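Asks: I would like to see how this sequence folds:
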Amino acid sequence: MAVITFTSDFGYTDHYVAAVKASILSLQPQATIVDISHGIEPFNIPQAEYVIGAAFREFPEGTVHLVAVDTHGCKRGKYHAAKYRGHYFLMADNGLLSLITDGEPDVVVEIQADPELLPFPAKNLLAPAALFLAKGGDIDVLGERTTQFKQLMNRQLRLNDHSITGHVIHVDRYGNLITNITRDSVDTIAHGRTYTIHFGRETVGRVYPTYTQVDDGDCCCMYNSLGQLCIGINKGNAAELLGLGFDSQVDVRFYPGN
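Replies: Numbering: from 1, shown residues only. The predicted model follows:
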């Protein structure tokens, strides 16, 4: 049986996470359920997209990702099961699917929902569907195929010969600012040129391997394991100390010569 991951905005103080897991384990006690995060801020679709997008590829193909973020966010009460790059996803029709898949899932079905299940859809609708897929069930049994699901767009980089403009797409629990500027985009534009990185009132002229390469309290930039440019303060909270957060602009400027 495939692994089931579970991500939600339920937090850690209520019974909601346990109730969803119990609904799966009561049907299949041997089910493997892996928590990605339950600390997503309530209804925060961009945060959920980043956290799930950063993690799901680490799991084997066939993994089923149960996503209970903003589960009542759709007035139409639509819920989808989707397949993308060998993984399955179950979630409300709130735009998150389009962000995770860049609008191009391989298969999407609208899950047929009894209105009596909707007061707690993660437990009563999405969890049984996740178990069904994890046991090898055919996604088409869950509902009719559709191409109609809410579309949102990820932030796009602005690139020209002399600069890249990006934005902060996630702030982690350490206050590190993770941007949508990638190592590949910088290398593609740089062609060996020097560059500086600008954010808020700060300018940084070097990317370090880790934050510990600078003194405690100093600001620096590095690439994370996903190749994304990050801004942090060694032993400090960059978001608080720099006054930056989600969607803050970050620029990389290139200069002639080496």
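Asks: residues of the longest strand along the chain that come out buried?
Replies: With secondary structure taken from DSSP state E, the chain has its longest strand at strand 163-171. Across strand 163-171, burial judged by 16 or more other C-beta atoms under 10 Å covers 164, 165, 166, 167, 168, 169, 170, 171. Every C-beta, even on glycine, is put in place using the N, C-alpha and C of the backbone.
Asks: next: stretch 22-40.
Replies: Buried-residue list, stretch 22-40, by 16+ other C-beta under 10 Å: 23, 24, 31, 33, 36, 37, 38, 40.
Asks: got the contact list for it?
Replies: Residues outside stretch 22-40 that contact it (C-beta atoms under 8 Å, 6 or more residues apart in numbering): 1, 3-12, 17, 21, 47-48, 51-52, 55-56, 59, 65, 69, 123-124, 127-128, 130-131, 134-135, 173.
Asks: of the buried residues of strand 163-171, closest to residue 152?
Replies: Closest approach between those and residue 152, by C-beta to C-beta: residue 169, at 13.0 Å.
Asks: per-residue pLDDT, the closest one?
Replies: pLDDT for residue 169: 95.
Asks: what about stretch 242-251, start to end distance?
Replies: Its start and end residues considered, stretch 242-251 measures 15 Å (C-alpha to C-alpha, to the nearest Å).
Asks: quick one, domains of the chain?
Replies: Structural domains assigned to the chain are 4-145, 158-254, following automatic domain parsing.
Asks: measure the longest one end to end?
Replies: Its start and end residues considered, domain 4-145 measures 22 Å (C-alpha to C-alpha).
Asks: count of residues packed around residue 43?
Replies: For residue 43, the count of nearby residues is 14 (other C-beta atoms under 10 Å).
Asks: for the closest residue to it other than its chain neighbours, grab phi and psi.
Replies: Spatial nearest neighbour of residue 43, excluding adjacent residues (C-beta to C-beta, 6 or more residues apart in numbering): residue 70 at 4.5 Å. Main-chain dihedrals, residue 70, degrees, to the nearest 10: phi 50, psi 50.
Asks: how about residue 53?
Replies: phi -60, psi -30.
Asks: which residues touch it?
Replies: Counting by C-beta under 8 Å, 6+ apart, residue 53 touches 99, 100.
Asks: any stretches of this protein with poor pLDDT?
Replies: Regions of the chain meeting the criterion pLDDT under 70 cover residues 73-76, 117, 257-258.
Asks: now do the helices in it.
Replies: Here the chain has its helices, by DSSP state H, at 16-25, 45-55, 96-100, 121, 127-134, 183-190, 238-242.
Asks: now those helices in TSV, please, with extra columns for distance to residue 229.
Replies: Shown next, in TSV, are the helices of the chain (distance: least, C-beta to C-beta, whole Å):
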stretch	distance to residue 229
helix 16-25	33
helix 45-55	14
helix 96-100	20
helix 121	37
helix 127-134	34
helix 183-190	7
helix 238-242	13
